[in-house]
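# Sequence first, predicted model second:
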Amino acid sequence: MFTIAHHRAVDEWRRRSRDLAEPVEEVEPPPVGSAEDDALDALSERRVLQVLEALTADQREVLTLRIVADLTIEQVAQVTDKNVGAVKALQRRGLAAVRRELARQGVPL
């Protein structure tokens, strides 16, 4: 399911790139972090994966497209072949599930 969402997000990104032929700013590479930073990043990544596992496949797909791919609700509806109302409901329920899971893990919101 993530592979499909990823490919659709990449297709959308490519389509947008062709539409907006703007020069890209040069970005400096991020500084190399300490071992402590790397450990915290790994812990955060594990926590995110645990939270994502609490979601249904549809909720996970909608939140991934909305947050990671930065698509609008209308674009997500088009990519997932769902109506706008269904996408909004999946997003709302998915975010509620994320909040519950984070609260269960003791993460302050």
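Noted; the coordinates are in hand.
# from here on, contacts and neighbour counts on C-alpha atoms
Will do.
# how many other residues sit next to Val27?
6 (other C-alpha atoms under 10 Å).
# Offset the numbering so it begins at 39, please.
Sure thing, new numbering starts at 39, so read that last one as Val65.
# Could I get the pLDDT score of it?
Per-residue confidence (pLDDT) for Val65: 72.
# Could you do Gln113 as well?
At Gln113, the pLDDT recorded in the model is 96.
# residues near it, how many?
17.
# ok, residues contacting the helix or strand hosting it?
Using DSSP states H and E, the element containing Gln113 is helix 111-118. Residues from elsewhere that reach helix 111-118 (C-alpha atoms under 8 Å, 6 or more residues apart in numbering): 46, 100, 103-104, 121-122, 125-126.
# ok, 10 Å please
Here helix 111-118 makes contact (C-alpha atoms under 10 Å, 6 or more residues apart in numbering) with 42-43, 46-47, 49-50, 96, 99-104, 107-110, 119-126, 129.
# Strands of this protein, start to end?
Read by DSSP state E, the chain holds no strands at all.
# Could you list the low-pLDDT ranges of the protein?
Scanning the chain for pLDDT under 70 picks out the ranges 39-40, 51, 54-62, 68-71, 74-81.
# Which stretches in it count as helices?
40-57, 73-91, 95-101, 111-118, 122-142 (DSSP state H).
# Show me which residues of the helix holding Gln113 are buried.
Across helix 111-118, burial judged by 16 or more other C-alpha atoms under 10 Å covers 111, 113-115, 117-118.
# likewise stretch 97-116?
In stretch 97-116, counting by 16+ other C-alpha under 10 Å, buried: 97-104, 107, 109, 111, 113-115.
# Would you mind measuring the gap between the ends of it?
End-to-end span of stretch 97-116 (C-alpha to C-alpha, to the nearest Å): 15 Å.
# try stretch 98-110
15 Å.
# Run through who's touching it.
39-44, 46-48, 50-51, 89-93, 96-97, 111, 113-118, 124-130, 132-133.
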